[in-house]
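[1] Return a 3D structure for these sequence lines:
(chains A, B, C and D)
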There are 2 protein chains.
Amino acid sequence: MLHTEVVVGIRAMLLEGDIPPGARIPERELCERLQISRTPLREALKVLAAEGLVQLLPNRGARAARLTDQDMRALFEVCQGLEALAGELACERISETQLAAIEAAHADMARHHRDRDLARYYRCNRFIHEAIVTAADNPVLNGLYETVTARIRRARYLTPMTEQRWALAMQEHEAILNMLKRRDGFGLAHILRTHLRHKREEVIRAGFAEDEQTTRAAG
Amino acid sequence: MLHTEVVVGIRAMLLEGDIPPGARIPERELCERLQISRTPLREALKVLAAEGLVQLLPNRGARAARLTDQDMRALFEVCQGLEALAGELACERISETQLAAIEAAHADMARHHRDRDLARYYRCNRFIHEAIVTAADNPVLNGLYETVTARIRRARYLTPMTEQRWALAMQEHEAILNMLKRRDGFGLAHILRTHLRHKREEVIRAGFAEDEQTTRAAG
DNA sequence: ACTGACGATTTTGCATTCAAAATTTCCTAA
DNA sequence: TTAGGAAATTTTGAATGCAAAATCGTCAGT
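    You can find the predicted model right below:
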């Protein structure tokens, strides 16, 4: 088992919520589960800590990072910036093939909206946002987008939407597609920022932060 | 010696050029130099690899990352995006104290420009850019800005400037300060993007990339 | 002389081991 | 009965040891 695979494996557990936010990460147990020794596991934890998925307390082990409202705000703001940049660059660089793929995904998404199929809707939604970043053709941007979006993915793609909000999101996506087709980088950046700002407000209103207040409320 | 210190130490060596780009990193030697064993060193190398400062080849050790023109372009583009975002947020959140500090640094910088003292000029320059990011009051943005700018720092703050280009940069900084004072986030984002685009063109024209072509040319 | 392959040496990756720190348990005293 | 503290246990952080892979050096064959 390669080092990268260990990182990927644990990252997946964290993102799937397999290891819940705030939970302690017992080295021993994970070692047995992954059939590796502590050395590579600890290397992986250090990397994940650098990514912000894991919190490392000196002499007191690791815990799955927990997102506060403040973290959520910060992450969404950065995500806005990154997607806006991606939009601008994508308008300069996107190929017809890439654009066609996004257009197809958009059509699917509209259908899923009509069917009120939120899961499939979100899948298309995510594909479109990621395709725009890919079209920006900037590996550094891609990498940062990956790590930032990973941390807010559950909030972003699990939060339920009201009818009204969902309709607005669809409208925004119509605009996104239009701007892309017109290669209007400036306009695309603007609508992407707005779109994400709305999503953030929605997520925070839904109280998706992973504060211990949740625990407190439950206890 | 704490784990973080090892990472910081090696990172410093890489950024200072103490370990030159493309150079192999012999574990044994660094261990002796830092008086630590291989375990913490290897953990640090994995973290630095995640940051992009080190390239890890399976079974073939680590080398200091080397920036191609493509990397340079990608990094500067992302840096533009991050500073533009920082500018917008800073206009909403900057305190009078922070603004005053930037204004003072700007005055110093103008003086160093008149004196043609490039080193001190760059020091003020860097302070101002970092202060804007700090004023954005977004820890995630701050962290990403740190890692991205670290990789291009040498190119950014060592490239010599022509009289003409230097004068233009000063003009741009006048505009930056004005936008900040007027809390014009939109305008600030714009001028920051332009400013950094100019810097990037200058750096790439100066051939600051760390391709092996340099080595080839030398050999 | 040059190419290619074989063995020796070095280097990497990981498991194990050991000391220090933290946590838990249990006992004592108020 | 409960609070405080000491011993035992667990857990962390780092050094060492070992097997596998890669690199280097040498030598045989062309």
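
[2] What is the neighbour count of whatever residue of chain A ends up closest to DNA strand D?
    Proximity of chain A to DNA strand D (C-beta to the nearest atom of the strand) peaks at A:Gly61, 2.9 Å away. C-beta: built from backbone N, CA, C; applies to glycine. When counting by other C-beta atoms under 10 Å in any protein chain shown, one arrives at 13 neighbours for A:Gly61.

[3] That one and A:Arg24, how far apart?
    Distance of A:Gly61 to A:Arg24, computed by C-beta to C-beta, to the nearest Å: 6 Å.

[4] which SSE is the residue nearest the centre of chain A in?
    Taking C-alpha atoms, centre = their mean, the centroid of chain A lies closest to A:Thr149, which sits 2.6 Å from it. Per DSSP states H and E: A:Thr149 is located in helix A:139-158.

[5] Need phi/psi at the residue in chain A that DNA strand C sits nearest to.
    Nearest to DNA strand C in chain A, going by C-beta to the nearest atom of the strand, is A:Ser37, at a distance of 2.7 Å. When read as degrees, to the nearest 10, the backbone of A:Ser37 gives phi -90, psi 180.

[6] Surely it touches A:Cys31?
    Yes - the pair A:Ser37 / A:Cys31 is scored as a contact, 6.3 Å apart, by C-beta atoms under 8 Å.

[7] Run a quick neighbour tally on the residue nearest to A:Leu2 when sequence neighbours are not counted.
    Spatial nearest neighbour of A:Leu2, chain neighbours left out: B:Pro58 (6.8 Å); criterion: C-beta to C-beta, 6 or more residues apart in numbering or on different chains. Residues near B:Pro58, counting by other C-beta under 10 Å, number 8.

[8] Phi, psi for B:Pro58 please.
    Torsion angles at B:Pro58 (phi, psi; degrees, to the nearest 10) stand at phi -50, psi 130.

[9] do the same with A:Ala62
    Backbone torsions of A:Ala62, given as degrees, to the nearest 10, read phi -120, psi 150.

[10] What of A:Arg63?
    Dihedral angles for A:Arg63 - degrees, to the nearest 10 - are phi -140, psi 150.

[11] Next up, the contacts around it.
    Contact partners of A:Arg63, counting by C-beta atoms under 8 Å, 6 or more residues apart in numbering or on different chains, are A:22-25, A:54-55, A:57.

[12] if I pick A:Ala23, what's in contact with it?
    Under the criterion of C-beta under 8 Å, 6+ apart, the contact list for A:Ala23 reads A:63-64.

[13] repeat that with 10 Å
    A:Ala23 is in contact with A:14, A:17, A:62-64, A:66, counting by C-beta atoms under 10 Å, 6 or more residues apart in numbering or on different chains.

[14] How about A:Pro139?
    B:52, B:70-71, B:74-75, B:78.

[15] now with 6 Å?
    A:Pro139 is in contact with B:Ala74, counting by C-beta atoms under 6 Å, 6 or more residues apart in numbering or on different chains.

[16] Can you give me the pLDDT of it?
    We note a pLDDT of 97 for A:Pro139 in this prediction.

[17] And A:Arg216, by the same measure?
    A:Arg216 is assigned a pLDDT of 35 by the prediction.
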